[in-house]
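1. Below are the sequence and a predicted model; questions follow.
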Amino acid sequence: MDINFNKNEDHNKMLNSDLRQRLTKVKLGGGEKSIEKHKAKGKLTARERIKYLLDDKKPSIEIGAFAGEGMYEEHGGCPGGGVVIKMGYVSGKQCLVVANDATVKAGAWFPITGKKNLRAQEIAIENKLPIIYLVDSAGVYLPMQDEIFPDKEHFGRIFRNNAVMSSMGITQISAVMGSCVAGGAYLPIMSDEALIVDKTGSIFLAGSYLVKAAIGETIDNETLGGATTHCEISGVTDYKAKDDHDALDTIKKIMDKIGDYDKAGFNRVKAVKPKEKPDDMFGILPRSRADQYDMLEIIKRLVDNSEFEAYKEGYGKTILTGYARIDGWAVGIVANQRKLVKTKKGEMQFGGVIYSDSADKATRFIANCNQKKIPLVFIQDVTGFMVGSKSEHGGIIKDGAKMVSAVSNSVVPKFTVVIGNSYGAGNYAMCGKAYDPRLIVAWPSAELAVMSGNSAAKVLLQIETASLKKKGKEITPEVEKELYDRIKARYDEQISPYYAAARLWTDAIIDPLDTRTWISMGIEAANHAPIEKPFNLGVIQT
């Protein structure tokens, strides 16, 4: 191994270490004091509930762990978006579990909480995957009600989705393990089956204080909407549990009885580990996002037996396309080649840039995968499409549009892994969040933005200095440097993978060594949903 490999390895493993430390902090939710208070009520935490519920010898993945990070600081923050979401297995059945974290503002819903819950339901709908809600929430966070209550993608969409999923035959189970108030009270009742924990669970449209204020009735919360009331008088809930463990055991028994599902029929054989050492990815991936490297060496460490069957290997070389297997699943891979390549005409093409021939190749390959019913995996390290007169005259916009059209209309499940740059229209063409990947994850080395921090800072500096000069201010080299540093620092914060993950532009930031697990579980989930429409590119310029 050369010195550069070792420096890359040290850098990327430090990023991984930072990821682990951040995750450790996220897992504390509202903090140790809040956890102690919560447990003093005889309740398990959201994470303890999920851990007890999921099959312990099966893999699981967490969606949106960093949701809300760095946001709502004026309100005390909202770690994890106040909800924990995991995809795993209960009684051998793959499913999603959504658990309110009552240690964060009593489980109240911030805007990002709504977005995260809707993302879980979107995953369940796309993959026809059972979903379990562990409810313990004070309802909408009132100081921000205008940002969570009335719009299409706000709180009410949750219940609309409950109804849609029910009509689709997607199993929904709710366990009320704490507060379940106001509009939130509809969630368990719109689920197929509802449980409530005695003495700690409660469901009502209005609590005792509000009832007293509204109609003058004096009543305690337990009598108003406790387990006995809803299991024996109102009939709102189906099962009364004596404690959290009892409720979770009941869910396990319900899940155990669910029948098999219709399968999409994606191809899978016995899994084989990569021949090449996966840990080498840390040394192959450069420290600088501007440096070149061979993406094929990354792919070999992600796929079974390190085997990659290249499609159109000698054409459109700045995008790698080909077939492989990941954990036994057949996949079509579309990845940005990051090394400088030479065309047959002797011209040099920059790695990470999409040229006309690369876009053309990718479009045809995506169509092939749809024809053969093979899931697509996009591996992003892209700076965008090639610019300049030669590219414009050669129809780069037309070829780029064809690729975007193929990605948009693809009917096989798509999975996106951002390992480096994800800039501008390159993000779109390589199946960014706006193009409905079933799952989209980032490595700690990822950057997501319109352009790199250096390029953007230079453009913004020109705008700002021009504005200051118009006002008659003198721009010395010192002032210019100060402006540039300030602009770059602000932009660099925004291109961080944590900034993206906080806003759910990605589903997670993951250890590169977990990539195979994410893609494998994602395809297994997608296999629950047979493809119901043919692939059609629509009208495109040829």
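-> In hand now; what should we look at?
2. What segments of the stretch 51-200 of the chain are helices?
-> Applying DSSP state H, counting those that start in this stretch to the stretch 51-200 of the chain gives helices spanning 111-127, 156-168, 186-189.
3. quick check: angle from the first one to helix 156-168?
-> Same thing as helix 111-127. 10 degrees (axes from the mean of the first three to the mean of the last three C-alpha atoms, to 10 degrees).
4. Grab the CA positions of helix 111-127 and hand them over as CSV.
-> Provided in CSV are the C-alpha atoms of helix 111-127 (Å, rounded to 0.1, in the frame of the first residue of the first chain):
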residue,chain,number,x,y,z
PRO,A,111,-42.2,19.9,11.1
ILE,A,112,-39.3,17.4,10.6
THR,A,113,-41.2,14.8,12.7
GLY,A,114,-44.1,14.9,10.2
LYS,A,115,-41.7,14.7,7.3
LYS,A,116,-39.9,11.7,8.8
ASN,A,117,-43.2,9.9,9.6
LEU,A,118,-44.4,10.5,6.0
ARG,A,119,-41.1,9.1,4.7
ALA,A,120,-41.7,5.9,6.7
GLN,A,121,-45.2,5.6,5.2
GLU,A,122,-43.9,6.3,1.7
ILE,A,123,-41.4,3.4,2.1
ALA,A,124,-44.3,1.2,3.4
ILE,A,125,-46.5,2.2,0.5
GLU,A,126,-43.9,1.8,-2.3
ASN,A,127,-42.8,-1.6,-1.0
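5. Tell me which other helices or strands it touches.
-> When contacts are defined as 3 or more C-beta pairs under 8 Å, 6 or more residues apart in numbering; DSSP states H and E, helix 111-127 packs onto strand 61-63, strand 83-90, strand 93-100, strand 131-137, helix 156-168, helix 515-526. (C-beta placed from N, C-alpha, C; glycine too.)
6. That helix vs strand 83-90, what angle?
-> 30 degrees.
7. If you count neighbours, what's buried in helix 111-127?
-> Within helix 111-127, the residues scored as buried using 16 or more other C-beta atoms under 10 Å are 111-121, 123-127.
8. sorry, back to before: any idea which of the helices and strands packed on helix 111-127 is most buried?
-> strand 131-137 (a mean of 28; mean count of other C-beta atoms under 10 Å).
9. Can you list the helices and strands that it packs against?
-> helix 46-53, strand 93-100, helix 111-127, strand 172-181, helix 186-189.
10. how about the ones you listed in JSON lines, adding distance to G70 and mean pLDDT?
-> Shown next, in JSON lines, are the helices and strands packed on strand 131-137 (distance: least, C-beta to C-beta, whole Å; pLDDT from 0 to 100):
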{"stretch": "helix 46-53", "distance to G70": "21", "mean pLDDT": "98"}
{"stretch": "strand 93-100", "distance to G70": "21", "mean pLDDT": "98"}
{"stretch": "helix 111-127", "distance to G70": "11", "mean pLDDT": "97"}
{"stretch": "strand 172-181", "distance to G70": "27", "mean pLDDT": "94"}
{"stretch": "helix 186-189", "distance to G70": "28", "mean pLDDT": "84"}
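11. Which one, of the ones you listed, ends up nearest to N409?
-> For the helices and strands packed on strand 131-137, distance to N409 was read as C-beta to C-beta. The smallest value, 15.5 Å, belongs to helix 111-127.
12. Tell me what angle that closest one forms with helix 515-526.
-> 60 degrees.
13. contacting residues around the longest helix that the chain contains?
-> Taking DSSP state H as the criterion, the chain has its longest helix at helix 3-26. Identification of contacts with helix 3-26 by C-beta atoms under 8 Å, 6 or more residues apart in numbering yields 65-66, 69, 79-80, 281-287, 444-445, 498, 509, 511-512.
14. just the CA coordinates of that helix, formatted as PDB?
-> This file holds the C-alpha atoms of helix 3-26, laid out as PDB (Å, rounded to 0.1, in the frame of the first residue of the first chain):
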ATOM      1  CA  ILE A   3       1.500   6.500   1.400                       C
ATOM      2  CA  ASN A   4      -1.500   8.100  -0.300                       C
ATOM      3  CA  PHE A   5      -3.600   5.000   0.400                       C
ATOM      4  CA  ASN A   6      -2.700   5.200   4.100                       C
ATOM      5  CA  LYS A   7      -3.600   8.900   4.300                       C
ATOM      6  CA  ASN A   8      -6.900   8.300   2.600                       C
ATOM      7  CA  GLU A   9      -7.600   5.400   4.900                       C
ATOM      8  CA  ASP A  10      -6.800   7.500   8.000                       C
ATOM      9  CA  HIS A  11      -9.000  10.400   6.800                       C
ATOM     10  CA  ASN A  12     -12.000   8.200   5.900                       C
ATOM     11  CA  LYS A  13     -11.800   6.100   9.100                       C
ATOM     12  CA  MET A  14     -11.800   9.400  11.100                       C
ATOM     13  CA  LEU A  15     -15.000  10.400   9.200                       C
ATOM     14  CA  ASN A  16     -16.400   7.000  10.200                       C
ATOM     15  CA  SER A  17     -15.400   7.500  13.800                       C
ATOM     16  CA  ASP A  18     -17.100  10.900  13.800                       C
ATOM     17  CA  LEU A  19     -20.300   9.200  12.400                       C
ATOM     18  CA  ARG A  20     -20.300   6.700  15.300                       C
ATOM     19  CA  GLN A  21     -19.900   9.400  17.900                       C
ATOM     20  CA  ARG A  22     -22.700  11.500  16.400                       C
ATOM     21  CA  LEU A  23     -25.000   8.400  16.300                       C
ATOM     22  CA  THR A  24     -24.200   7.700  20.000                       C
ATOM     23  CA  LYS A  25     -25.400  11.200  20.800                       C
ATOM     24  CA  VAL A  26     -28.500  10.900  18.700                       C
END
